[in-house]
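K.L.:
Prediction below, plus the sequence it came from.
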Amino acid sequence: MDHMKRLAKVTWIAAIAAMASHCSTSKVQPYLPGAKEASSSSPTTTVTDGAISTAAIAIANGEHGSVDSVGAFDKTVHPLTVKWCGSCHDKAQSPLLGASDATAAHAAIISTQKVDFNAVDKSRLVLRLSTDKHNCPVDPGCGEAGKQMQAAIQTWADAIKTAATVNPVTITSDPLHLSDAKEQTVVGVNPDGVLAYFAPNFKVKAPMVATTDKTSGNPVINTPTTEKAVGNATNAAGDNSLGTASTTVNVATDGTYTMFGLVNGPAAAMASFYIKVDGGTLQPWLFKTNAAAFTWESVASTVGGEALTFNLTAGAHTIEIRQRQPGVQLARLVLTTNPKFDPSTAQATSRTANQLKFDLSGPSKIAGAALTLEIEDYAANGYLFRNPRLVVPTGSIHAKDLRILINNTFLPQNATFTVVEATVAAPGGALSTAAMIAVKDQGSDKDAFSVSFATFEAK
Ligand code: HEC
């Protein structure tokens, strides 16, 4: 399947794709597109009636849209999909329309076009119940559940159709195409005290290899499949024929860190590494076997034991992982000063991504000012956008309500970044850590993207 190739390329995007795609049942914890940051109360711009190909986005062909589609969905359809469908469609079964995270469930439904706002009764979400009799809830049964689903979708559709005052967009960039995107090294945005390293961030020494796990699509570090019995950590420390994977971590402030690895320990005697920080002692890192799934395991010296702690001072440190058992894989390593942090939400501290760069030097009168935005052509019918960042060579820019326009049209459900309001000073910074899935319009070879802000002031 075509998009599996891309899954192989970029793990964290793969995890998002897995959430909304039809053909993946990846066991990797999805990296949720940043939870919707707040609901937007800002009025909307006029939505033009461009030739939009999918019924799912036909709501835009109404007059004006209120932007908070996720909010309306969360009050209408989402409670039903969680209650009736969540037992299967929350993590494992695509589409993830029953995910407890409303933004994720909304994205899954919109990107796979399971609702038809123009003909609500023809929505797949309704037909699955009333016609297909697909896993209907015992109470109230297929027919009644279909009716309730239809009513909920109607309420959702009405909510986002409600006319809002028109507020002209202050600035709009020139359009760019997917072919204008350039591969760039980007820095992930994580909470303070969180550092994340993905397999491609590690330098690998044979016989360990950097490869891609075919089942999950995860780029991984793999220990050799043949055992090399060294007996203990002391022997291992002195054995230079063992494979290693190392990375340099840059700690911003002194702290006590615990670590988590996204690991695959397929079977007994295949579920451990050795680990050391800087010139410290090599310690065994043991975790439970997971039947070739990838699970997050804390770095501990006994299976399920207390997590090891590492006192790191601000500055650069080296983490080295050594082979201890055969056929073990590491996809990600997360360091955090908060042991309760959910490591699956961490972004790679450094990675490559396809980036569009919208020139904003005109409206800002600041030479070189721009907005960079990552774009991924991630599925047959969708784009994934994330990490909008302002580049501000001098001075500062106050920006509010970022909209991504596809072929000059803003669609109300593409409202993830409308909650943005920030004053960004030189050299620039992130506007949002959220991700947004948008349905394609005329296809990735034709669609033109531009960005607009309702407020945009440069100083
Ligand atoms: C017991 C597990 C289970 C439950 C509960 C369940 N589904 Fe499914 N669903 C599946 C499986 C398995 C598939 C894939 C095979 C198929 O298409 O039937 C699927 C596929 C789908 C699809 C994609 C295929 C299509 O026809 O569009 C949709 C939509 C869907 N389910 C909707 C729902 C809705 C809505 C609910 C809740 C009312 C629900 N499912 C409850 C297991 C479940």
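P.N.:
Arrived safely, thanks for sending.
K.L.:
closest point of the stretch 351-459 of the chain to the ligand, which residue?
P.N.:
As assessed by CB to the nearest ligand atom, the ligand sits closest to Asn381 within the stretch 351-459 of the chain, at 13.4 Å. Where you see a C-beta, it was placed from the backbone N, CA and C, and this is true even at glycine.
K.L.:
Would you confirm that that residue contacts Gln442?
P.N.:
No: contact criterion CB atoms under 8 Å: Asn381 and Gln442 do not qualify, at 11.8 Å.
K.L.:
Tell me how many other residues crowd Gly143.
P.N.:
12 (other CB atoms under 10 Å).
K.L.:
What parts of the protein come near the ligand?
P.N.:
Counting by CB under 6 Å from any ligand atom, the residues of the chain lying close to the ligand are 81, 84-85, 87-89, 93, 95, 114, 124-125, 128-129, 134-135.
K.L.:
and the residues you listed, which two are the farthest apart?
P.N.:
Taking CB to CB as the measure, the residues of the chain next to the ligand span a maximum distance of 18.6 Å, between Ser87 and Arg124.
K.L.:
The two: who's more crowded?
P.N.:
Set side by side, Ser87 and Arg124 show more neighbours around Arg124, with 19 against 12, by other CB under 10 Å.
K.L.:
in what helix or strand does the closest residue in space to the more buried one that isn't next to it in sequence lie?
P.N.:
The shortest distance from Arg124 to any non-neighbouring residue, by CB to CB, 6 or more residues apart in numbering, is to Lys114 (4.2 Å). Under DSSP states H and E, no helix or strand contains Lys114.
K.L.:
just the helices in the stretch 351-459 of the chain please.
P.N.:
361-364 (DSSP state H, counting those that start in this stretch).
K.L.:
what about the strands in it?
P.N.:
Ranges of strands in the stretch 351-459 of the chain, per DSSP state E, counting those that start in this stretch, are 370-379, 382-391, 396-406, 421-425, 428-430, 435-439, 448-458.
K.L.:
With mean pLDDT and mean neighbour count as new columns, can those be given to me in a markdown table?
P.N.:
A markdown table is the format used below for the strands of the stretch 351-459 of the chain (pLDDT from 0 to 100; neighbours: other CB atoms under 10 Å):
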| stretch | mean pLDDT | mean neighbour count |
| --- | --- | --- |
| strand 370-379 | 91 | 21 |
| strand 382-391 | 92 | 23 |
| strand 396-406 | 92 | 22 |
| strand 421-425 | 91 | 16 |
| strand 428-430 | 89 | 17 |
| strand 435-439 | 88 | 24 |
| strand 448-458 | 90 | 20 |
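K.L.:
Outline the domain layout of the protein.
P.N.:
Under the assignment automatic domain parsing, the domains of the chain span 2-161, 171-188+351-458, 194-346.
K.L.:
for the first one, what is the average pLDDT?
P.N.:
In other words, domain 2-161. Averaged over domain 2-161, pLDDT sits at 66.
K.L.:
which helix of this structure spans the most residues?
P.N.:
Assignment by DSSP state H gives helix 142-161 as the longest helix of the chain.
K.L.:
What mean pLDDT does the helix or strand just after it get?
P.N.:
Using DSSP H and E, the helix or strand that follows helix 142-161 in sequence is strand 171-172. Here strand 171-172 scores 82 as its mean pLDDT.
K.L.:
so what does strand 171-172 touch, helix or strand wise?
P.N.:
strand 448-458 (3 or more CB pairs under 8 Å, 6 or more residues apart in numbering; DSSP states H and E).
K.L.:
Adjacent strands (with direction) for the strand it packs on?
P.N.:
Strand 448-458 has the following strand partners under DSSP bridges: strand 171-172 (antiparallel), strand 176-177 (antiparallel), strand 396-406 (antiparallel).
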